[in-house]
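Asks: How does the following fold in three dimensions:
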Amino acid sequence: MGGTEQRSLRGWIGTVSRTVSGCAPKAPLPIVIAALLLVHAAQPARAAPGKEPLYGPYPATVLRVIDGDTVELGVALWPGLVQRIRLRLDGVNTPEKRGAPLCEKIEAAKATKFTRSFLNRATVVWVSGVRLGKYAGRVLGKIAVNGKDLGQALLAAGLARPYHGGKRRAWCG
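Replies: Predicted coordinates:
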């Protein structure tokens, strides 16, 4: 390591040391550095558009069913770490409850009831294939109960359509 690199590393370690010394509880510097390196190594690599990394499976509890294809969940990411998210089912679309014609709202109520019934049978659901959607904060993924995929069950029941982006077809008429 050259002189400049050593001074730079010493400066960075000194900064970390001063920062750590102001924190409680105090951690030995090698542990702090190891933790920072592990956190950095655990970050997913940037993927090309359309090639985002998929996360999961994670156990989750259902907090509420928003509509046929969107569920609010408490996802257990790590022991003692539960993330509250709204997950939209990836690959399917159900009728909309809001701002839609009455016939679509009726179909939306059926899809929502189906989703609620499907999820009420389980104390733990499994979330997989999780990725960010195209809208800020939207999370897409799959939900399974006892190995059965909710999206596939909605499609089989005729309450959803396959959806992979683009313009959605009208549900009525």
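
Asks: low-confidence ranges in the chain?
Replies: 1-51, 136, 173 (pLDDT under 70).

Asks: Residue 162: neighbour count?
Replies: By other Cβ atoms under 10 Å, 9 other residues sit near residue 162. All C-beta spots, glycine's among them, are computed from the backbone N, C-alpha and C.

Asks: got a list of what it touches?
Replies: 91-93, 155 (Cβ atoms under 8 Å, 6 or more residues apart in numbering).

Asks: Repeat the analysis, applying 7 Å as the threshold.
Replies: Contacts for residue 162 were tallied using Cβ atoms under 7 Å, 6 or more residues apart in numbering; they are 91-92, 155.

Asks: Kindly indicate which of those residues lies nearest residue 71.
Replies: residue 92 (12.3 Å; Cβ to Cβ).

Asks: just to revisit the earlier point, strands - which of the contacts of residue 162 land there?
Replies: Counting by DSSP state E, the contacts of residue 162 place residue 92 in strands.

Asks: tell me which of the contacts of residue 162 is nearest to residue 72?
Replies: residue 92 (17.4 Å).

Asks: in the sheet, who's paired with that closest one?
Replies: Residue 92 forms beta bridges with residue 162, as assigned by DSSP bridges.

Asks: In this structure it contacts residue 163, no?
Replies: Yes - Residue 92 lies in contact with residue 163 (Cβ atoms under 7 Å); the separation is 5.8 Å.
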